[in-house]
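In: pasting the sequence and the predicted coordinates here, then a few questions.
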Amino acid sequence: MVCISLQSLLDLCCIRIAYLMWTSRDVTKRRLKKVLFDELVDAVSSDVQVLPLPEKTKARILKHVRPAGSHLLSLLSLWHFTQPANSQKWLTGDMLFECVILNTDGLINQRKTAKKILSSRMLDNVFAFRLACINFFEKEVLKLWILVKEYFLNKLILEGEQANSFIERSPLLRSIDLYEQYY
């Protein structure tokens with residue numbers, strides 16, 4: 001018989017605290033390289049040191065700081081690849097602080113975290129639609145599609161009106177009736 005060992009409640013709390021310390025640093029705004037990651041690990045570790053907790057508990061939290069940060073940043077980089085390059089601000093540290101959900105093994109549950117972010121209604125409809133699509137949330141995709149479709153149709157209409165007003169203001173771009181000139 002195979003027996004899976006579960007982590008103690010104290011370890012799960014320490015892991016949760018480590019993730020929350022990372023989200024308080026608002027790592028969503030950074031594209032992290034190894035050097036920056038090491039600096040952030042040091043910063044989060046120093047934040048843990050000032051917590052009003054017993055030293056044994058701090059030591060247990062510190063043990064989880066690097067793996068929690070690495071896991072959080074890999075999840076964020078995965079989610080950032082699904083968004084357009086110019087959309088850095090779609091996810092904030094506050095959203096993560098409020099919505100991050102962990103599995104019993106201490107890792108972030110991506111689907112439940114995404115579901116909680118969507119249910120919090122903190123995201124713009126387009127970003128919420130993309131997040132729902134990459135996590136295969138059929139009901140949310142169908143609800144958001146109506147709003148996203150309307151948004152893009154309005155955007156197309158607005159861009160068309162702006163293009164027409166630009167053409168009307170620019171004498172060089174007005175259409176020339178070549179038929180009357182040559183015939």
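Out: Thanks, I have the structure now.
In: right, and residue 111 touches residue 135 too?
Out: Yes - in this structure, residue 111 is within contact of residue 135 by CB atoms under 8 Å, at 5.5 Å. Placement of C-beta: from N, CA and C, glycine included.
In: which of these two has more neighbours?
Out: Taking neighbours as other CB atoms under 10 Å, residue 111 and residue 135 compare with residue 135 leading, 19 against 12.
In: contacting residues around the closest residue to the more buried one other than its chain neighbours?
Out: Residue nearest to residue 135 in three dimensions, not counting chain neighbours: residue 114, with 4.6 Å by CB to CB, 6 or more residues apart in numbering. Residue 114 makes contacts with 131-132, 134-135, 137, as judged by CB atoms under 8 Å, 6 or more residues apart in numbering.
In: what's around residue 21, how many residues?
Out: Neighbours around residue 21, by other CB under 10 Å: 20.
In: state the pLDDT value of it.
Out: In this model, residue 21 is scored at 92, pLDDT.
In: one step back: just checking, which of the contacts of residue 114 belong to helices?
Out: Of these, the ones assigned to helices by DSSP state H are 131-132, 134.
In: could I get those as CSV with neighbour count?
Out: Below are those laid out as CSV (neighbours: other CB atoms under 10 Å):
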residue, neighbour count
131, 24
132, 24
134, 14
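In: low-confidence ranges in this structure?
Out: 1-5, 26, 28-35, 84-89, 161-183 (pLDDT under 70).
In: how is the protein divided into domains?
Out: Listed domain ranges for the chain are 9-136, 138-182 (source: the TED database).
In: quick check: which element contains the most centrally placed residue in the chain?
Out: Among the residues of the chain, the one closest to the centroid is residue 91, at 3.8 Å (CA atoms, centre = their mean). Using DSSP states H and E, residue 91 maps to neither a helix nor a strand.
In: how much space separates it from residue 142?
Out: Plainly put, residue 91 is 23 Å away from residue 142 if you go by CB to CB, to the nearest Å.
In: show me the contacts for residue 50.
Out: Contacts of residue 50 (CB under 8 Å, 6+ apart): none.
In: distance to residue 6 added to the contacts of residue 114, as a markdown table?
Out: Converted to a markdown table, those look like this (distance: CB to CB, whole Å):
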| residue | distance to residue 6 |
| --- | --- |
| 131 | 30 |
| 132 | 31 |
| 134 | 29 |
| 135 | 26 |
| 137 | 28 |
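In: what's the most distant pair in those?
Out: 134 and 137 (9.2 Å; CB to CB).
In: find the nearest non-adjacent residue to residue 19, please.
Out: residue 68 (5.0 Å).
In: and the host helix or strand of residue 70, what's buried?
Out: Using DSSP H and E, residue 70 falls within helix 55-81. For helix 55-81, burial by neighbour count (16 or more other CB atoms under 10 Å) applies to 58, 60-62, 64-66, 68-69, 71-73, 75-76, 79-80.
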